[in-house]
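J.: this is a predicted model, with the sequence first.
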Amino acid sequence: MAVENNQINTDILIIGGGSAGVAAAVASARMGVRAMLIEKGPFLGGKATRAIVSTICGAYFRSEGAALRHAHVGFPKEFCGRLSVASGTEPFTYVEGLRFLPYDHQAFKLLCDAYMLNEKVQLFLHASLSSVGMENGIIDSVDAIALDRRVKIFPKTVIDCTGEALVATLCDLEVLKDETYQASAMVFSLTGIESADFENLSLSVRRSMKRGVEAGRLHPELEKLSIIPGSLKNGSAFFKLSVSRAISDELNKATELELFAREAVSAVHTFLKAENGPLKNAEMSVVASELGIRTGRRSLGKYILSESDVLNCVKFDQAIANGVWPIEYWGHDGNVNMDYFNADDCYEIPADCLMSADLGNLYFAGRNISASDRAIASARVIGTCLATGYAAGKMAAGSVLKRDANEIIQEIKSELLNV
């Protein structure tokens, strides 16, 4: 893809380099079309690396049995396998038969980089979307700021993997939104921990936080602190502090939340060093570079995935991904509500959840697929995002190649859902 006068022609433009965006780029490139990905940050991985989520959920079926069953074959399984090796981790079994993969966030970054290089995706880091041009019901141009200069891109198709329905918003299209969204979380790690027992340390931390709030030494908003399962090893662990303040679409709300979260992490660390025995010598090692905001605006597709679809494990003729994670909804009291469907089963996400209801060449994947607030509380997890991203990339490439859409969907089912 030659760049002339800061103008670029490409077959597929992917906006957002999180799990879904990386998967979409890989799928597009493997179909033999020109794929370009723009990412606003300095590295790939999205929430997985910037917010250090630390676990891949949605990659395995929930089961009380001993056997591990992948939610998808093909690229999602490939990605998790490579990440497991690079991180030196294995899938972790948790409560209610939930399985997830702990990972090293630096390994996640490097794996995403490797995919972009190996698949010859044209990657622009430090590149932000600024405007979208439309004509006759399709996107015909996109303006971006690539670090310090303007770039105009002429794509044949666009895939929105921003997690915020940014393309639809800039096009003034209808989006799915709520007055407030799920509570967020800030992740940080401590070293020098004098305990190797996850359960005992978790209980000790919960008790310390509760006593601190009751004694007036900690603000009540800071009580909900947990250790990320699977992260405690060699005297280090990752912690997740629930940030109960309301999240909305209000202008600049994210800045307020980021400032509060960083100060909160510092206060919690100082308190635990003084009040918790196993953490008396613990030092801060890593603080996530951004707050872990779980959900936001979603794109309006040809179908809206519903809570009923999720809980009843509904299947679709044109399915392109499996959902295996329960509805995980974090309230503003810092508590989580888990709504489970049957173990060893899944719901399916149809292709229409990834296709714009308004624009003929706009697709989406990841946290901003067409889904209700309750449905996205399940479908937002990384394992599912890898699948919807790959599916969106393949569907978009099929459109560019003028392949039959139903044929492409059947190929996706064969590649991903033959579990």
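T.: That came through fine.
J.: contacts, neighbours, all on C-alpha from now
T.: Fine.
J.: show me where this structure has its helices.
T.: 19-30, 47-50, 75-87, 105-118, 166-170, 198-214, 253-275, 307-311, 373-379, 382-400, 405-416 (DSSP state H).
J.: export the shortest one as CSV, just CAs?
T.: Meaning helix 47-50. Extracted C-alpha coordinates of helix 47-50, given in CSV (Å, rounded to 0.1, in the frame of the first residue of the first chain):
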residue,chain,number,x,y,z
LYS,A,47,-7.8,-3.5,27.2
ALA,A,48,-5.8,-6.7,27.5
THR,A,49,-2.6,-4.7,27.5
ARG,A,50,-3.5,-1.1,28.5
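J.: centre of the chain to that helix, how far?
T.: Chain-centre distance of helix 47-50: 8 Å, with Cα atoms, centre = their mean, to the nearest Å.
J.: contacts for that helix?
T.: By Cα atoms under 8 Å, 6 or more residues apart in numbering, the residues outside helix 47-50 that reach it are 18-19, 53-54, 105-106, 108-109, 288-290, 292, 382.
J.: shouldn't residue 12 be in contact with residue 36?
T.: Yes - the criterion here is Cα atoms under 8 Å, and residue 12 meets it with residue 36 at 6.2 Å.
J.: got any ranges where the protein has weak pLDDT?
T.: Within the chain, the segments meeting pLDDT under 70 span 1-4.
J.: tell me the domain boundaries of it?
T.: 3-177+296-416, 184-287 (automatic domain parsing).
J.: most packed of the ones you listed?
T.: Per residue and on average, the most neighbours among the domains of the chain fall to domain 3-177+296-416, with a mean of 21 (mean count of other Cα atoms under 10 Å).
J.: now do the same end-to-end measure for stretch 78-94.
T.: In stretch 78-94, first residue to last residue: 23 Å (Cα to Cα, to the nearest Å).
J.: what sits up against that stretch?
T.: Residues contacting stretch 78-94 (Cα under 8 Å, 6+ apart): 59, 99-104, 107-108, 111, 229-230.
J.: out of those, which is nearest to residue 75?
T.: Proximity of the contacts of stretch 78-94 to residue 75 (Cα to Cα) peaks at residue 59, which lies at 11.3 Å.
J.: could you pull out the strands for the stretch 1-150 of the chain?
T.: For the stretch 1-150 of the chain, the strands defined by DSSP state E, counting those that start in this stretch cover 3-4, 7-15, 35-38, 55-56, 92-93, 99-102, 122-124, 127-135, 138-146, 149-160.
J.: and those as CSV, adding distance to residue 393?
T.: Shown next, in CSV, are these (distance: least, Cα to Cα, whole Å):
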stretch, distance to residue 393
strand 3-4, 23
strand 7-15, 8
strand 35-38, 9
strand 55-56, 21
strand 92-93, 29
strand 99-102, 24
strand 122-124, 14
strand 127-135, 19
strand 138-146, 16
strand 149-160, 7
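J.: nearest to residue 116, out of those strands?
T.: Evaluated over those, closeness to residue 116 peaks at strand 122-124, with 7.2 Å, by Cα to Cα.
J.: partners of the closest one in the sheet?
T.: strand 35-38 (parallel) (DSSP bridges).
J.: what's the closest of the contacts of stretch 78-94 to residue 313?
T.: Using Cα to Cα, residue 59 comes nearest to residue 313 of those, at 16.4 Å.
J.: what distance do you get for the closest residue to the closest one other than its chain neighbours to residue 229?
T.: Excluding the flanking residues, the one nearest residue 59 by Cα to Cα, 6 or more residues apart in numbering is residue 383, at 4.4 Å. Distance of residue 383 to residue 229, given as Cα to Cα: 17 Å.
J.: one more: residue 270?
T.: Residue 270 is 22 Å from residue 229, by Cα to Cα.
J.: for residue 64, same thing?
T.: 18 Å.
J.: with residue 313 instead?
T.: 27 Å.
J.: which residues does the nearest residue to residue 404 once chain neighbours are set aside contact?
T.: Nearest residue to residue 404, sequence neighbours excluded (Cα to Cα, 6+ apart): residue 398, at 7.3 Å. Each residue near residue 398 by Cα under 8 Å, 6+ apart is listed here: 31, 404-405, 408.
J.: please apply the same query to residue 142.
T.: Residue 142 neighbours (Cα under 8 Å, 6+ apart): 129-133, 152-155.
J.: excluding chain neighbours, what is closest to residue 278?
T.: residue 194 (4.6 Å).
J.: list the contacts for the residue nearest to residue 120 when sequence neighbours are not counted?
T.: Spatial nearest neighbour of residue 120, excluding adjacent residues (Cα to Cα, 6+ apart): residue 29 at 7.3 Å. Listed by Cα under 8 Å, 6+ apart, the contact partners of residue 29 are 35, 119-121.
J.: would you mind listing the two of those residues that lie farthest apart?
T.: 35 and 119 (9.2 Å).
J.: thinking again about what came up before, now the contacts of residue 142 in TSV, with distance to residue 199?
T.: Formatted as TSV, these follow (distance: Cα to Cα, whole Å):
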residue	distance to residue 199
129	44
130	47
131	49
132	50
133	54
152	53
153	52
154	54
155	51
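J.: for residue 168, state which of those residues is nearest.
T.: For these, the nearest to residue 168 is residue 132 (9.1 Å; Cα to Cα).
J.: hmm, the closest one is touching residue 152, no?
T.: No - counting by Cα under 8 Å, residue 132 stays clear of residue 152, with 9.7 Å between them.
J.: how about the strands in the stretch 201-350 of the chain?
T.: So, for the stretch 201-350 of the chain - with DSSP E, counting those that start in this stretch - the strands run 225-227, 237-243, 283-287, 298-299, 319-323, 327-330, 336-339, 347-350.
J.: nearest to residue 369, out of those?
T.: That would be strand 298-299 among the strands of the stretch 201-350 of the chain, by Cα to Cα, at 5.8 Å.
J.: can you spell out which helices and strands pack onto the closest one?
T.: The contact analysis (3 or more Cα pairs under 8 Å, 6 or more residues apart in numbering; DSSP states H and E) places strand 298-299 against strand 175-176.
J.: so what touches the strand it packs on?
T.: 165, 168-169, 297-300, 370-372.
J.: who does that strand pair up with?
T.: Partners of strand 175-176 in its sheet, by DSSP bridges: strand 298-299 (antiparallel).
J.: fine by me, thanks again.
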